[in-house]
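[1] next come a sequence and a model predicted from it.
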Amino acid sequence: LPGHGFPIYGKERIQEALSTTSMFLKTIETQTVELMNKGKRLNEIIHTVKIPDELIKLPWLRPVYDDPEFLIRMIWRRYGGWWDGEYDRLLPAKRNEESKVWIELVGGIELVIDKALEMSSQGKDKIAAHLIETAFYADETNESVHKARKAIYGNFSIKQDSSMARNILNHASLASGQNKRDLAEKN
């Protein structure tokens, strides 16, 4: 039985892999839909759904390729559509305009860069990523932003079990190493 890991051989092992994979997917879907029906937002659901340890520890269910958060997003999109439940994101402002206002409110881009690096050094990688992206969108050509962004995403990427997450975050790090948002950008 092939998957996103090593092959599984033997009737019993294959049956176990299929049944536990089914339970794994069902628990994610059930929890996600229950929370959606309670009016929870996508972000809240992503941080609330819990996968039983006995499932996530199985070698064929470890997040080697995908991350369970990605599955939650797919379930949300299937049942809830494209809107994530955040009212300010229904008809959003341009990201660079929003970011410039946030940077102005906090007193400058260097403060945001410093805080992003501090959060990264404390292992608060998701907050660090939000902060450095805010700084990036406020000033896309700022070399200090790119230097910090490269470090933050490089650090964040190596902590990922999921190859998809690791590669996307590493891509952001490499792009900032070239003062770009994305490697596909043409100068």
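    Great, that's in hand.

[2] quick one: the helix or strand of the chain with the lowest mean pLDDT to chain centroid distance?
    Between all helices and strands in the chain, the lowest mean by mean pLDDT, DSSP states H and E belongs to helix 53-56, at a mean of 94. Its chain's C-alpha centre lies 21 Å from the corresponding centre of helix 53-56 when counted by Cα atoms, centre = their mean, to the nearest Å.

[3] over to stretch 8-28?
    On Cα atoms, centre = their mean, the centre of stretch 8-28 falls 26 Å from that of its chain.

[4] mean confidence for that stretch?
    Mean per-residue pLDDT for stretch 8-28: 95.

[5] which outside residues touch it?
    Outside stretch 8-28, the residues that touch it by Cβ atoms under 8 Å, 6 or more residues apart in numbering are 1, 3, 49, 51-52, 55-56, 58, 60-61, 68, 71-72, 75. (Each C-beta comes from the backbone N, C-alpha and C, glycine too.)

[6] now the residue nearest the centre of the chain. Nearest residue, chain neighbours left out?
    Nearest residue to the geometric centre of the chain (Cα atoms, centre = their mean): Ala165, 6.8 Å. Excluding the flanking residues, the one nearest Ala165 by Cβ to Cβ, 6 or more residues apart in numbering is Asp67, at 5.1 Å.

[7] now Glu12: how far from Met23?
    16 Å (Cβ to Cβ, to the nearest Å).

[8] look at the two and report which has more neighbours.
    Met23 (16 against 7; other Cβ atoms under 10 Å).

[9] next, that one: secondary structure please.
    On the three-state scheme (DSSP: H, G, I helix; E, B strand; the rest coil), Met23 is labelled helix.

[10] hang on, the earlier thing: and the residue nearest to Ala165, how many neighbours?
    Quick note: Asp67 (other Cβ under 10 Å) scores 17 neighbours.

[11] equivalent analysis for Leu35, please.
    By other Cβ under 10 Å, neighbour count at Leu35 equals 19.

[12] isn't it up against His47?
    No: counting by Cβ atoms under 8 Å, Leu35 stays clear of His47, with 10.4 Å between them.

[13] picking that back up, in this structure the residue nearest to Ala165 contacts Met164, no?
    Yes: here Asp67 reaches Met164: they are 6.8 Å apart, a contact under Cβ under 8 Å.

[14] intersection of neighbour lists for those two?
    Common neighbours of Asp67 and Met164 (Cβ under 8 Å, 6+ apart) do not exist.

[15] alpha carbons of the least confident helix or strand of the chain, as PDB, please.
    C-alpha atoms of helix 53-56 as PDB (Å, rounded to 0.1, in the frame of the first residue of the first chain):
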ATOM      1  CA  ASP A  53      -2.300  10.800  20.000                       C
ATOM      2  CA  GLU A  54      -2.800   7.200  19.200                       C
ATOM      3  CA  LEU A  55      -3.500   8.100  15.600                       C
ATOM      4  CA  ILE A  56      -1.000  10.900  14.900                       C
END
